[in-house]
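Participant: A structural model of the following input is requested.
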Amino acid sequence: MSRLSLFNSPFLLGFDQFERALDRVSKASSDGYPPYNIEQTSENELRISLAVAGFTMDDLSIVVEGNQLVIRGKQVDDKDRIYLHRGIAARQFQRSFVLAEGIEVTGAWLDSGLLNIDLQRPLVEDRVRTVEIRDGLASGTRRAAETIDVTTGKVAE
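Facilitator: Below you'll find the model as predicted:
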């Protein structure tokens, strides 16, 4: 069965990476833990806030793998504690975000059970470039057919 591609148009050249990113996002875990917010803090800055109550800085890791931001949390059970009732389980999580080209992680901090991660979008410059059109015959880009000797690498006469 063939798959319908959003980027199947002949006018969309070089968008293969976007299609792969969309595939990764669609296959990502649908687990809602931990809950998170994404907010725009300025025109070119974003902040991801994850609710990670009960996790310490040692329990958390943030890694940029290629163009993916991966946040992992792992709590360790305290074997010395005796629980009469345990309603808060020690758990682990992994939350991934696909980053657009050029997005940089500028900082992270843990405050009152929220892990905040700041991201910065690069400024996009408008770029206009004129491409010279040359005459194929006059510029010498067309050459007569030649036979090359593969043993010597020289043009055969």
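Participant: so what's the residue nearest the centre of the chain closest to, chain neighbours aside?
Facilitator: The chain has Asn67 as the residue nearest its centroid, 2.5 Å off, counting by C-alpha atoms, centre = their mean. In this structure, Asn67 finds its nearest non-sequential neighbour in Leu99, 5.0 Å apart by C-beta to C-beta, 6 or more residues apart in numbering. Bear in mind the C-beta positions are built from the backbone N, C-alpha and C, glycine included.
Participant: pull the number of nearby residues for the one you found.
Facilitator: Counted with other C-beta atoms under 10 Å, the neighbours of Leu99 add up to 18.
Participant: now it: how far from Ile38?
Facilitator: Taking C-beta to C-beta, to the nearest Å as the measure, Leu99 falls 12 Å from Ile38.
Participant: tell me the phi and psi of the nearest residue to Leu110 once chain neighbours are set aside?
Facilitator: Nearest non-adjacent residue to Leu110, counting by C-beta to C-beta, 6+ apart: Met57, 5.5 Å away. The phi/psi pair for Met57 (degrees, to the nearest 10) reads phi -60, psi -30.
Participant: test my guess that Met57 contacts Trp109.
Facilitator: No - taking contacts as C-beta atoms under 8 Å, Met57 lies outside contact range of Trp109: 9.0 Å.
Participant: ok, back up a step: distance-wise, check the residue nearest to the centre of the chain relative to Leu50.
Facilitator: From Asn67 to Leu50 the distance is 19 Å (C-beta to C-beta).
Participant: what do you get for Ser42?
Facilitator: 20 Å.
Participant: the two - which one has more neighbours?
Facilitator: Leu50 (22 against 9).
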